[in-house]
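In: just a sequence and a predicted model for now, questions to come.
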Amino acid sequence: MWTYHAPSVVLGRSQEALRDDVAHRLKGRAQVHVRESGGGMVLTGPWLVSVSVVLPGDDRRICRGIDAGYEFMALPHVEALHRLGLRRLEASKGHSTDAAPTNARWACFGSVMRGEITDALGRKLVGFAQRRQAGAALLVGGTLVSPPDWHLLCEAAGRPEDLPQLAARTVDCERLSGRPVTAARLAQALSRCVGDALEPVLARRRTLRWPVT
């Protein structure tokens, strides 16, 4: 479970070549990192709560493929958000289908992919990413708690013209609930719900005798 005290720009694996340009535009206002999973740029900061889960690659709930991994992550996220009083949320069944075209797909929250969580208007609240290797899968989720500094992200990307689209296509917990929501409160709810989802995996693994190396 991750919360953040200061902003950072996290690039997807395919965006690594942009790292120096992004750092130059930021001029020290935020750190720049490259993650091992794919997808677009993510702006971490006090407005975001992230979850990282590693599962055995043969787990029956995710071994059916990428969509299964997103489904596994979506269920506890929706449950945690319900506990905070946020309703009318859904996991997207495909790419965003709204009529307005977007140029902001360079950002993780600039488009909606299958399995990611939106509100009733199709605005993205939770984004997912994953990476699979032999024997294991890394599943990652990020939830917007409060309004992010999209201006900073668009400036870092050299795409200030995409700010209106990015702001219009996203929503956060505070905006949906109409009252302040802290990252710590969401992290606590997510910890419980993700823990409940993981319990069958943990129980099964406790019965195994691991080799000593």
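Out: Ah, there it is.
In: show me where pLDDT drops low in the chain?
Out: Across the chain, the ranges flagged by pLDDT under 70 are 94-102, 200-213.
In: and the strands in it?
Out: With strands called from DSSP state E, the chain shows them at 2-3, 8-11, 31-34, 42-44, 48-56, 90-91, 117-118, 124-133, 136-144.
In: quick one: distance of the last one to the chain centre.
Out: Spelled out, it's strand 136-144. Chain-centre distance of strand 136-144: 6 Å, with Cα atoms, centre = their mean, to the nearest Å.
In: tell me what that strand is packed against?
Out: With contacts taken as 3 or more Cβ pairs under 8 Å, 6 or more residues apart in numbering; DSSP states H and E, strand 136-144 sits against strand 48-56, helix 66-83, strand 124-133. From N, CA and C alone the C-beta is placed, and that goes for glycine too.
In: what residues sit buried inside the last one?
Out: Of the residues in strand 124-133, those with enough neighbours to count as buried (16 or more other Cβ atoms under 10 Å) are 124-132.
In: got the angle between it and strand 48-56?
Out: Interaxial angle, strand 124-133 versus strand 48-56 (axes from the mean of the first three to the mean of the last three Cα atoms, to 10 degrees): 30 degrees.
In: which one of the helices and strands packed on strand 136-144 lies nearest to Asp196?
Out: Proximity to Asp196, assessed across these by Cβ to Cβ, is greatest for helix 66-83 (6.9 Å).
In: buried residues in that closest one?
Out: 69-74, 76-81.
In: just checking, what packs against that helix?
Out: If contacts are counted by 3+ Cβ pairs under 8 Å, 6+ apart, helix 66-83 sits against strand 48-56, strand 90-91, strand 117-118, strand 124-133, strand 136-144, helix 183-206.
In: one more time with 10 Å, if that's ok
Out: Judged by 3 or more Cβ pairs under 10 Å, 6 or more residues apart in numbering; DSSP states H and E, helix 66-83 is in contact with strand 48-56, strand 90-91, strand 117-118, strand 124-133, strand 136-144, helix 173-177, helix 183-206.
In: next, format the buried residues of strand 124-133 as TSV and append distance to Asp58.
Out: Converted to TSV, the buried residues of strand 124-133 look like this (distance: Cβ to Cβ, whole Å):
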residue	distance to Asp58
Lys124	31
Leu125	31
Val126	26
Gly127	26
Phe128	21
Ala129	21
Gln130	16
Arg131	16
Arg132	12
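In: which one among these gets closest to Glu174?
Out: Nearest to Glu174, judged by Cβ to Cβ, of these is Leu125 at 11.1 Å.
In: what's the end-to-end length of stretch 111-126?
Out: 11 Å (Cα to Cα, to the nearest Å).
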